[in-house]
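*Asks:* take this sequence and fold it.
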Amino acid sequence: MRKSSRRQFVTENALAIAACALAGTAKTTMAREAVVKKAGDKLRVAVIGVNGRGVSHLMGFGNHPDCVVAAIVDVDKNVGAAKAETIEKQFGTRPKVYVDMREAFDDKSIDIASIATPNHWHSLAAIWAIQAGKDVYVEKPVSHNVSEGRRVVEAARKYQRIVQCGTQSRSMPGMRNIIDQIHGGAIGEVTLARGLCYKPRGPIGARGEYEVPANIDYDKWCGPAPMSPLTRPKLHYDWHWQWDCGNGDLGNQGIHQVDIARWGLGESSLGESVQSIGGRLGYVDAGDTPNTQISLYRFGTKTLVFEVRGLKTNSYREAKIGVIFEGSKGYCVCPTYEGGVLYDNDGKEIAKQISGNEQLHFDNFVQAVQTRDNGLLHGDILEGHLSSALCHVGNISYRLGESQSAADVLSTFAADEIATDAVQRMLAHLKDNNVDLSGKTLTLGPKLEITPDETFSGERSIDANLLLTRDYRAPYIVPLTKDL
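*Replies:* Next up is the predicted model:
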């Protein structure tokens, strides 16, 4: 895609947001015609991508009494066949197996597309499914970049499809209760949320040129991404740590906690600004994305701080993968997907709510599909887009960053108590892992101003806006608004 086309994507963001705003009533008045089924017939589900997270999708829909896994799509035909056999043994019905998702979408008997591909496929797969008349469950992040995520929202509204994001914490009774209590003032006015992804990740091997497994259709695996040589030893999963297909741990694990943090803060936009600091530190490998990162998001008087630590680390307030809300009357620690604990300012426990399982999120989606009521969704695609986009803008700041010394980074945030605290703790963490902090070790991204139409303004905005989308590879092109 030429730069002029990429700028057109950015310009159309404003039009897409306006169109979705005009269609805002769609969230509660989605077309009410029921899915055409005879009494006792089940919703037929196609699961796209079954080598990793897709296994949970197979079980989530396979275990639902009103659903049947009717199709499996995977670019590894061996994996597809093996999973079809598993489904047949466990549930009694053998699904069809496809390598090309478009063939499954052409099947008019399929009601639902459940997408668990690598990140770079999420938006295009969802849009293709929506255009084919399917309701969609799509894993987090719902996009690989900001602009394409907005296109999924727009497509869902245009075609009046039910689209759920796989942020399952939104269906956990414990988490829903805790967020309700926070919104109700249980810990006073909340102006700060800290998201944590303290998840050790080792090196993924030396950068080189590796052979793609013969059983993989590599063209379809790459899809919208460049069909470049494989430069990491392992094709699967380690794509998370290369920009062409992944979004680092901010967009991998972190999207869950970013979503909870934004939910608790009561924010429904990308905020006013973002700035990111970090690096890929402690080893040299084929990865591009930071294994150590702080992203600072400002929403007027509210702040969201997100921390990624891929090296060995201690917990923070008894949480490693979680969210901490700080209020005027206390604080809340959410160390799991299922809820958290409220404390007063003296550290005395006020309330504890931890309950739920991820099946509830699939059940919530199925209920919305059956009733055609988009308002029932706990993880509507718009919520998924906003939280995914926050991860993307954090990464954009990082990717535009320059090498700085630890002292210079601290100096940059000298007047910002929240940022200084986060940076100081990050530096102590790196020292604990024997990372040499002499010289210009850290990458300091620019502070980027965010506009209501999900673009950037001010200094570095030209470069930043180009990273809101990507160069797509034909025929795997996410359509512009006018082409949806």
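*Asks:* Leu270 versus Glu189, what's the distance?
*Replies:* In this view, Glu189 and Leu270 are 22 Å apart by CB to CB, to the nearest Å. All C-beta spots, glycine's among them, are computed from the backbone N, C-alpha and C.
*Asks:* more neighbours, the two?
*Replies:* Leu270 (25 against 11; other CB atoms under 10 Å).
*Asks:* ok, now which ones touch the more buried one?
*Replies:* With contact set as CB atoms under 8 Å, 6 or more residues apart in numbering, Leu270 has these partners: 386, 389-390, 393, 450, 454.
*Asks:* got CSV for these, with neighbour count too?
*Replies:* CSV is the format used below for the contacts of Leu270 (neighbours: other CB atoms under 10 Å):
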residue, neighbour count
Leu386, 25
Ala389, 24
Leu390, 31
Val393, 26
Ile450, 25
Glu454, 23
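*Asks:* list just the nearest of those residues to Ala82.
*Replies:* Using CB to CB, Ala389 comes nearest to Ala82 of these, at 35.4 Å.
*Asks:* just to be sure, the closest one is in a helix?
*Replies:* Yes. When DSSP: H, G, I helix; E, B strand; the rest coil is applied, Ala389 is found to be in a helix.
*Asks:* that one contacts Val146, doesn't it?
*Replies:* Yes. Between Ala389 and Val146 there is a contact under CB atoms under 8 Å: 4.5 Å.
*Asks:* what touches both of these two?
*Replies:* Shared contacts of Ala389 and Val146 (CB under 8 Å, 6+ apart): Glu454.
*Asks:* what are the structural domain limits within this structure?
*Replies:* Under automatic domain parsing, the residue ranges defining each domain of the chain are 3-169+360-381, 171-356+389-483.
*Asks:* what's the span of the longest one from first residue to last?
*Replies:* Distance across domain 171-356+389-483, first residue to last, is 34 Å (CA to CA, to the nearest Å).
*Asks:* low-confidence ranges, the stretch 1-150 of the chain, go.
*Replies:* For the stretch 1-150 of the chain, applying pLDDT under 70 flags the ranges 1-16, 18-39.
*Asks:* repeat that with 80
*Replies:* Across the stretch 1-150 of the chain, the ranges flagged by pLDDT under 80 are 1-40.
*Asks:* quick one, helices of it?
*Replies:* 3-22, 54-62, 77-91, 101-106, 122-131, 146-158 (DSSP state H, counting those that start in this stretch).
*Asks:* so the second one versus helix 77-91, what angle?
*Replies:* Here helix 54-62 runs at an angle of 30 degrees relative to helix 77-91 (axes from the mean of the first three to the mean of the last three CA atoms, to 10 degrees).
*Asks:* can you give me the buried ones in helix 54-62?
*Replies:* Residues of helix 54-62 classed as buried: 54, 56-62 (neighbour count, 16 or more other CB atoms under 10 Å).
*Asks:* any chance you could list what contacts that helix?
*Replies:* Outside helix 54-62, the residues that touch it by CB under 8 Å, 6+ apart are 45, 47-48, 50, 67-69, 72, 74, 83, 86-87, 90-91, 112, 114, 116, 137, 358-359, 361-362, 366.
*Asks:* do the shortest one as well
*Replies:* Applying CB under 8 Å, 6+ apart, the contact partners of helix 101-106 are 46, 48, 71, 73, 96, 98, 110, 113, 125, 128-129, 132, 134.
*Asks:* try 7 Å
*Replies:* Contacts of helix 101-106 from elsewhere in the structure, counted by CB atoms under 7 Å, 6 or more residues apart in numbering, are 46, 48, 71, 73, 98, 110, 113, 125, 128-129, 132, 134.
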